[in-house]
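**Student:** I would like the atomic coordinates for the input below:
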Amino acid sequence: MAPVLQSSQPWVEKYRPKQVKDVAHQDEVVRVLTNTLETSNCPHMLFYGPPGTGKTTTALAIAHQLFGPELYKSRVLELNASDERGINVVRTKIKDFAAVAVGSGQRQGGYPCPPFKIIILDEADSMTEDAQNALRRTMETYYKVTRFFFICNYISRIIEPLASRCAKFRFKALSEEIMSNRVLHICNEEGLHLDSEALSTLSSISQGDLRRAITYLQGAARLFGSTISSKDLLSVSGVIPQEVVEALYAACKSGNFDLANKEVNNVIAEGFPVSQMLSQLFDVVVEADDIPDEQKARICKSLAEADKWMVQMSTCSCWMWPATQCELCVTCHKNSVLKVRGQPRLGCRGF
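**Tutor:** Numbering: from 1, shown residues only. Below is the predicted model:
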């Protein structure tokens, strides 16, 4: 079937909630922030939690509901991971914007328009520690005219003096039911058909990330048309076919090094992302009923070490390890989990 015609706008933006009350599955956060909007008494805020759960959407919705379209550009500064996040930006761009005074709070066009500006720092956990320390003084000095919204996945990467100055809001991972309802709404709007198996597959491969689920859905719609199957979603998601993962797992469990090495070479030859293979292999090990818990812990530790070496290898792509650069050797019992040319072996007590 020919692909359905699509607009160029990404669906994650097209279906992004415009108001705080429309954010899904974050009832406690929505209740508190709705009260904040009514009183216009807005503290510094720190939104944290898994990706794709509505943190950025909530911050943008608050800003839009406070200032409306006319004042939004002059009252809100957005910085994300694509921007330089070092101390120089804090000392120049952020400080200069924070220092600008604004007029007294008067309602305009039905919007509260409180007498302060908002700086939204998306993925704040990627900021350097020096930059975070530099923000402390800026937050205190310009509190009367500027509020900061920090958005991050890992609150542990935000220094305590910064976190303590903010009202913290934790965003929960979305349940399969919530994700399915939102996906079905988009399917109805776009004229797509998704059967129950495909819907379950989409929820599984998205891992609670609604943004990822919508992106996969749009990609599948562009490639395969209005009727989307589970296989279609797997092909656009980059998830390794389960039979490939099971084959590698069985080879490792057999204790046959040559067989395991053959399966590893097959993974490399097919160009599957090694990080994705390690992630899916981890899931298979955790869910296995025939491996003792203590042994699972040792295996998972070795898989984590393998993942660490992969990230640290400067000569290898994060998505694929060419056979000319390195060799992934997942074996059983007392053999190594990872052998990289020029790097020490990482021991494994095996499957």
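**Student:** Please make it C-alpha for all contacts and neighbour counts, starting now.
**Tutor:** Noted.
**Student:** Can you give me the buried ones in the least confident helix or strand in the chain by mean pLDDT?
**Tutor:** When each helix and strand of the chain is scored by mean pLDDT, DSSP states H and E, helix 87-89 comes last, with a mean of 79. Neighbour-count burial for helix 87-89, counted by 16 or more other CA atoms under 10 Å, picks out Ile87.
**Student:** ditto for stretch 86-97
**Tutor:** Buried residues in stretch 86-97 (16+ other CA under 10 Å): 86-87, 90, 94-95, 97.
**Student:** Let me know the distance separating the residue most central in space within the chain from Leu174.
**Tutor:** Most central in the chain under CA atoms, centre = their mean is Pro51, positioned 3.3 Å from the mean C-alpha point. To Leu174, Pro51 is 10 Å away according to CA to CA, to the nearest Å.
**Student:** ditto for Asn266
**Tutor:** Taking CA to CA, one finds Asn266 at 35 Å from Leu174.
**Student:** ok, the residue nearest to the centre of the chain - contacts?
**Tutor:** When contacts are counted by CA atoms under 8 Å, 6 or more residues apart in numbering, Pro51 touches 153, 209, 211.
**Student:** Please work out which residues outside the least confident helix or strand of the chain touch it.
**Tutor:** 128, 130-132, 134.
**Student:** ok, of those, which one's closest to Thr39?
**Tutor:** Nearest to Thr39, judged by CA to CA, of these is Gln132 at 29.0 Å.
**Student:** what about the closest one, which SS state?
**Tutor:** At Gln132 the chain is in helix, as set by DSSP: H, G, I helix; E, B strand; the rest coil.
**Student:** With just CA atoms, put the strand or helix carrying Leu281 into CSV.
**Tutor:** Using DSSP states H and E, Leu281 maps to helix 274-287. Presented in CSV, the C-alpha positions along helix 274-287 are these (Å, rounded to 0.1, in the frame of the first residue of the first chain):
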residue,chain,number,x,y,z
VAL,A,274,26.0,-3.2,19.7
SER,A,275,24.5,-1.0,22.4
GLN,A,276,21.0,-2.2,21.4
MET,A,277,22.2,-5.8,21.4
LEU,A,278,23.6,-5.5,24.9
SER,A,279,20.4,-3.9,26.1
GLN,A,280,18.2,-6.6,24.6
LEU,A,281,20.5,-9.4,25.8
PHE,A,282,20.3,-7.9,29.3
ASP,A,283,16.5,-8.2,29.2
VAL,A,284,16.7,-11.8,28.0
VAL,A,285,19.1,-12.7,30.9
VAL,A,286,17.0,-10.9,33.5
GLU,A,287,13.8,-12.7,32.4
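**Student:** residues near Lys231, how many?
**Tutor:** Residues near Lys231, counting by other CA atoms under 10 Å, number 13.
**Student:** again, but for Arg165
**Tutor:** Neighbour tally, Arg165, other CA under 10 Å: 16.
**Student:** pretty sure it contacts His44?
**Tutor:** Yes. At 6.8 Å, Arg165 and His44 qualify as touching, with contact defined as CA atoms under 8 Å.
**Student:** who's in contact with Leu192?
**Tutor:** Neighbours of Leu192 in contact, by CA under 8 Å, 6+ apart: 221, 225-228.
**Student:** try it again with 7 Å
**Tutor:** Shown in contact with Leu192 (CA atoms under 7 Å, 6 or more residues apart in numbering): 226-227.
**Student:** any idea how far Ile119 is from it?
**Tutor:** With CA to CA as the criterion, Leu192 and Ile119 are 38 Å apart.
**Student:** How about Glu140?
**Tutor:** Noted for Glu140: a distance of 14 Å to Ile119, by CA to CA.
**Student:** who has more neighbours, the two?
**Tutor:** A direct count of neighbours by other CA under 10 Å for Glu140 and Ile119 places Ile119 higher, at 21 against 12.
**Student:** would that one count as being in a strand?
**Tutor:** Yes. According to three-state DSSP, Ile119 belongs to a strand.
**Student:** Could you verify my assumption that it touches Phe150?
**Tutor:** No. The criterion here is CA atoms under 7 Å, and Ile119 misses it with Phe150 at 8.4 Å.
**Student:** Residue ranges in the stretch 1-150 of the chain under the pLDDT threshold?
**Tutor:** 1-7, 81-85, 104-109 (pLDDT under 70).
**Student:** Can you give me the domain assignment for this protein?
**Tutor:** 26-170, 185-237, 240-351 (automatic domain parsing).
**Student:** Quick one: closest of the ones you listed to Lys14.
**Tutor:** Taking the domains of the chain one by one with CA to CA, domain 185-237 is closest: 9.9 Å.
**Student:** How far away from the center of its chain is the closest one?
**Tutor:** 18 Å (CA atoms, centre = their mean, to the nearest Å).
**Student:** I'd like the numbering to begin with 53 instead of 1 from here.
**Tutor:** Noted, 53 is the first residue going forward, which turns the last one into domain 237-289.
**Student:** Show the end-to-end separation of it, please.
**Tutor:** With CA to CA as the measure, what separates the two termini of domain 237-289 is 21 Å.
**Student:** what's the first-to-last distance across stretch 206-226?
**Tutor:** Stretch 206-226 end-to-end distance (CA to CA) = 17 Å.
**Student:** what comes up buried for stretch 80-96?
**Tutor:** Neighbour count says stretch 80-96 has 81-82, 85-86, 89, 92, 94, 96 buried, by 16+ other CA under 10 Å.
**Student:** For Phe201, which three-state class applies?
**Tutor:** Going by three-state DSSP: Phe201 is strand.
**Student:** Go ahead and confirm it touches Leu173.
**Tutor:** Yes. Using CA under 7 Å, Phe201 makes contact with Leu173 at a distance of 6.1 Å.
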